[in-house]
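1. Only the shape, not the letters, is given here:
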């Protein structure tokens, strides 16, 4: 009589005896922290390079992160109003220097699509075009969306930007494929960025200076022999970007100027709502 409960053959174990002993003595990591520690050991033993270790750590940590962790919050989003005149739209695109813009109608919460900066240029050649026809569909994702899943969606759907929605269905912010990739490779530099060893204040050919927004105020004061004080003595700022933004009373935009202590601070580049670079010159020269 046949066995009513036949046993299934065990999966073949191809490990050698020495491999089994080695794994028994040195079992694999049981947690993310142990895995990251193992990568540090691998770098110390010169099995992998420092850059490879950092990228692998980024991949591991990203597995536990969500869109809400790295999004640009709604208060710092650069939006386009569908009802604005063409010239206003164009100036806004030029000032912010982004390639994609969420477009709203009526209230800022009402995102109706995504405008590509390059598509806006088509209106110059064909003014009869309706700007609504140029809008790309907006992609909405919840704050809880895992970054791994979001990166996979970006790749498969060929989208580079998504609108992040909170648990109540309201716009919480936006996230781009660059925001996700930076969790793996670190900040992605652009043409306005320089290496750290090149300094945060340096001269330009026209005898003006380029100053990083995160430069300490004391360093700017020493470099230009000025005293930079806030209009509110109770406020205490560390960086020149923070001080200028406070004095302006709003998030600075590219192309804006602000004069303080005889210096003209022109906003060259912003990123994530913060000033990356100022062009600094004497206020008298800037007025000429």
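-> That came in fine, so what should we check first? Keep in mind that what you see is a predicted model, and the values were worked out from it rather than measured.
2. Tell me which residues touch the residue nearest the centre of the chain, please.
-> For the chain, the residue nearest the mean C-alpha position is residue 179 (4.3 Å; CA atoms, centre = their mean). Residues in contact with residue 179 (CB atoms under 8 Å, 6 or more residues apart in numbering) are 70-72. Bear in mind the C-beta positions are built from the backbone N, C-alpha and C, glycine included.
3. In strands, which of those residues fall?
-> residue 72 (DSSP state E).
4. where do the strands sit along the stretch 151-288 of the chain?
-> 161-165, 171-176, 201-203, 209-212, 257-260, 263-271, 274-282 (DSSP state E, counting those that start in this stretch).
5. comparing these, which gets the lowest mean pLDDT score?
-> Mean pLDDT values for these show the minimum at strand 201-203, a mean of 80.
6. would you list the strands of the stretch 151-288 of the chain in a markdown table and tack on mean neighbour count and distance to residue 236?
-> Below are those laid out as a markdown table (neighbours: other CB atoms under 10 Å; distance: least, CB to CB, whole Å):
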| stretch | mean neighbour count | distance to residue 236 |
| --- | --- | --- |
| strand 161-165 | 22 | 32 |
| strand 171-176 | 23 | 28 |
| strand 201-203 | 13 | 21 |
| strand 209-212 | 21 | 20 |
| strand 257-260 | 16 | 16 |
| strand 263-271 | 21 | 19 |
| strand 274-282 | 21 | 18 |
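7. In a markdown table: those strands, plus distance to residue 49.
-> Formatted as a markdown table, the strands of the stretch 151-288 of the chain follow (distance: least, CB to CB, whole Å):
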| stretch | distance to residue 49 |
| --- | --- |
| strand 161-165 | 32 |
| strand 171-176 | 28 |
| strand 201-203 | 30 |
| strand 209-212 | 28 |
| strand 257-260 | 43 |
| strand 263-271 | 28 |
| strand 274-282 | 28 |
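8. Looking at these, spot the one closest to residue 186.
-> strand 263-271 (14.1 Å; CB to CB).
9. Note down every partner strand of that closest one and its orientation.
-> strand 257-260 (antiparallel), strand 274-282 (antiparallel) (DSSP bridges).
10. In a markdown table, list those along with distance to residue 143.
-> Listed next are these as a markdown table, based on distance: least, CB to CB, whole Å:
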| stretch | distance to residue 143 |
| --- | --- |
| strand 257-260 | 34 |
| strand 274-282 | 22 |
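11. of all the ones you listed, which lies closest to residue 183?
-> strand 274-282 (18.3 Å).
12. Figure out which of the strands of the stretch 151-288 of the chain is closest to residue 91.
-> Comparing the strands of the stretch 151-288 of the chain by CB to CB, strand 263-271 comes nearest, at 14.0 Å.
13. And the protein, what are its domain boundaries?
-> Per automatic domain parsing, the structural domains of the chain span 32-64, 68-185, 199-287.
14. Mean pLDDT lowest where, among the ones you listed?
-> Across the domains of the chain, the lowest-scoring stretch is domain 32-64, with a mean of 80.
15. Would you mind measuring the gap between the ends of it?
-> 10 Å (CA to CA, to the nearest Å).
16. Neighbours of the nearest residue to residue 43 once chain neighbours are set aside, how many?
-> Spatial nearest neighbour of residue 43, excluding adjacent residues (CB to CB, 6 or more residues apart in numbering): residue 53 at 4.4 Å. Neighbourhood size, residue 53 [other CB atoms under 10 Å]: 18.
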